[in-house]
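Chemist: got a sequence here, can you model it:
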Amino acid sequence: MTTAAPPAGQTAMAEASDRIARAWELSYLDPIAAREIGRELVAEGGAAAGAGWLQVALAEVRVGDAAVALDALGQARSACIAANDAPGLTLCDEVQAILLRRTGDPEGSARLHAAIDARDSGGATPMQRFIGHNSRAITAKVLGRVDEALQQFYAASDAAQATGWTGPRITALGNLGGYQQELYNLEDARQLSEQALRLAREAGARPMVATAAANLIIIHHAAGDPAQARAMAEFLLTHPEELLPRALEQHALPLALAHLSTGDIEAAERHLRQAPAAQFGDLDDLSFRAWLQARCLLARGAAAAAREVAERTLAERARGRQREQSYNLMELHRVAADACEALGDAVAALACMRQAHALYEKLVGRSARARWLSLQAGHQLAEAQRERDLALDSRRTVEDDRRRLAELNAALRAQIAQTEMLHARLREQALRDPLTGLHNRRYLFEMAPGLLELARRQGSLLCVVLIDLDHFKLLNDTYGHQAGDLVLQRFATLLTQMLRRSDVVCRHGGEEFVAVMPDISADGAEVMLGRLLEAFQSQREEYGARRLPHGSFSAGIARFPRHGNTLEQLLSRADRALYAAKNHGRARIEQAPRTGFGTLI
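Modeler: Numbers count the residues shown, from 1 in each chain. Take a look at the predicted model:
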């Protein structure tokens, strides 16, 4: 018996449906290819033309021209109205929300999202859910709504998995990685971005190859690893076939950063010149561009020009309304401080450095918060997935229910254990200086009162030592900020190696370090610090092709309780002794005077 062939009209409709599905699959994997399918559907006309216009609009709003996107969106909306296509109109609104945000109106984007949610009747496909959650996450990020942004990013990740398509999965990973980098949660950011880059290269997802690699340049720089930042830049420069057209121009600022961090000033300046004056993106790059320019100028010896760039940008930002990343602002204040110091304006340098330090402390706190919010969002998402699975599988037998309950209990116990572990890790992270690995000021002021009380009860000795690296600002100005970071890291390693395990060593801020040394006299502490000074002076670090000069430090020692009964009093007396060491020629250790007025500060 012969089966009749389907009518030609039905065959054409089936083919158009397959091509629309293929365009959605490619929309976050290869948007240019998805746009071409959309244009073909538009050219052919018929019922599929509206879907074609929507694909053109989505591709243009993400990687193309805003004006073209707006025109295509109008065509798509007209087609959906004519076909009484309510889901299509909702998708048009979602693309409209993306367009509003990317053309500088995130508040309008958020209002449109709220209007979409108010009329949502359910039944959205996984791809529609992914587009919606991803757009809401980025809008919340731009508006500074951290909790909402993370929740939406994780919801987008769940929807991306449900699509079964590689493009949404890579995009979700890359966006999460980029946002964790902005929140200074560098370890999670690195892992997510590396995973996104690997999947993007395997799948040929050209937009996310460049984005993930550019994110990794910034992450490696912030983590104090300039070699890895440079290696990622070299990957971008030597693999243009894996990138979209103009990707190197669009990511010129991270490329400049990678070269600047390894001392290649000419290449950094070349990339800065290639960067477009204004980029079609979500975040203003004003501070990023400015601190890179100022660093290049400072490296060229043009301290006055570097200061002018930094201060002008800070003033422009103060007048504007745009949100900028705290990390870029911190670097802008730091380069302003270095430029002021090079010009001999110590008062302005100190004010800028205080601003930079305040932003650094904000970043550290934000990092710990981000880790906790990520855990919470992941837990909530896992709970929602479990509830969904239970609802879809309500016909299981009683024995299956018992087995599932045991699995859920085991998963819950594992989640509790992971939560407790993360709590411990978050506390440790909040008490550590990320550059040197030493404890920070917060830890110092938490633990010192207990050590002082123990010494008081036992009548034992205790010294507080304040250490400051000599000529550190000159080192930064001459060899660059990354060279200074290298010296700080090596000195921190030397401190942990040469002081006793019972001594508590902290980074006090900048190039200053504090050691609380129980059960040792001031003379004994001076001998131990003398050995440390000799070891530090004998070190010779290499930075790229250059050898850094020998380093030294000055130190002041205060004894408990002769010089004070509180940490603040002891630090004040140690600081006086430190300045005496500086005034006597540096590379010295001085004890606070043996006076009975120990409580005066």
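Chemist: next one: residue 584 from residue 577, what distance?
Modeler: According to CB to CB, to the nearest Å, residue 584 and residue 577 sit 11 Å apart. All C-beta atoms are positioned from the backbone trio N, CA, C, and that covers glycine.
Chemist: next structured bit after the worst-scoring helix or strand of the chain on mean pLDDT?
Modeler: One helix or strand of the chain scores below all others by mean pLDDT, DSSP states H and E: helix 398-430, with a mean of 61. Scanning forward in sequence from helix 398-430 by DSSP states H and E, the next helix or strand is helix 441-458.
Chemist: quick one: contacts of that next one?
Modeler: Residues outside helix 441-458 that contact it (CB atoms under 8 Å, 6 or more residues apart in numbering): 430-432, 460-462, 464, 504, 506-509, 514, 516, 518, 560-561, 565-567.
Chemist: which SS class is the closest residue to residue 115 other than its chain neighbours?
Modeler: Take residue 115 and drop its neighbours on the chain: the residue closest to it by CB to CB, 6 or more residues apart in numbering is residue 93, 7.5 Å away. Recorded secondary structure, residue 93: helix (DSSP: H, G, I helix; E, B strand; the rest coil).
Chemist: now do the same for residue 93: its pLDDT.
Modeler: Looking at residue 93, its pLDDT reads 91.
Chemist: from residue 37, how far out is it?
Modeler: Where residue 37 is concerned, residue 93 sits at a distance of 22 Å (CB to CB).
Chemist: more neighbours: those two, which one.
Modeler: residue 37 (22 against 17; other CB atoms under 10 Å).
Chemist: so the more buried one sits right up against residue 22, yeah?
Modeler: Yes. With contact defined as CB atoms under 8 Å, residue 37 counts as touching residue 22 (6.4 Å).
Chemist: geometric centre of this structure: which residue is closest?
Modeler: The chain has residue 181 as the residue nearest its centroid, 1.7 Å off, counting by CA atoms, centre = their mean.
Chemist: if you skip the residues just before and after it, what's nearest to that residue?
Modeler: residue 189 (3.8 Å).
Chemist: what are the boundaries of the strands in the chain?
Modeler: 462-469, 504-509, 512-518, 542-543, 546-547, 553-560, 589-591 (DSSP state E).
Chemist: quick one: which of these is nearest residue 133?
Modeler: The closest approach between residue 133 and any of those, judged by CB to CB, belongs to strand 504-509 at 39.9 Å.
Chemist: which elements pack onto the closest one?
Modeler: For strand 504-509, the packing partners by 3 or more CB pairs under 8 Å, 6 or more residues apart in numbering; DSSP states H and E come out as helix 441-458, helix 481-498, strand 512-518.
Chemist: give me the buried positions along stretch 228-238.
Modeler: By 16 or more other CB atoms under 10 Å, the buried positions in stretch 228-238 come out as 228-230, 232-233, 235-236.
Chemist: same thing with stretch 209-228?
Modeler: Quick answer for stretch 209-228 (16+ other CB under 10 Å): 209-226, 228.
Chemist: and for stretch 264-279?
Modeler: 264-265, 267-269, 271-272, 275, 279.
Chemist: tabulate those residues (a markdown table), appending pLDDT and distance to residue 493.
Modeler: Conversion of the buried residues of stretch 264-279 to a markdown table gives the following (pLDDT from 0 to 100; distance: CB to CB, whole Å):
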| residue | pLDDT | distance to residue 493 |
| --- | --- | --- |
| 264 | 93 | 27 |
| 265 | 93 | 28 |
| 267 | 93 | 30 |
| 268 | 92 | 29 |
| 269 | 93 | 33 |
| 271 | 93 | 33 |
| 272 | 91 | 34 |
| 275 | 85 | 37 |
| 279 | 43 | 40 |
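Chemist: of all those, which comes closest to residue 312?
Modeler: Distances from residue 312 to the buried residues of stretch 264-279, taken by CB to CB, are shortest for residue 272, at 16.0 Å.
Chemist: now the closest one. Nearest residue, chain neighbours left out?
Modeler: The spatially closest residue to residue 272, leaving aside those adjacent along the chain, is residue 256, at 4.8 Å (CB to CB, 6+ apart).
Chemist: residue contacts, the one you found?
Modeler: 267-269, 271-272, 275, 292.
Chemist: and if we set it to 6 Å?
Modeler: By CB atoms under 6 Å, 6 or more residues apart in numbering, the contact set of residue 256 is 268, 271-272, 292.
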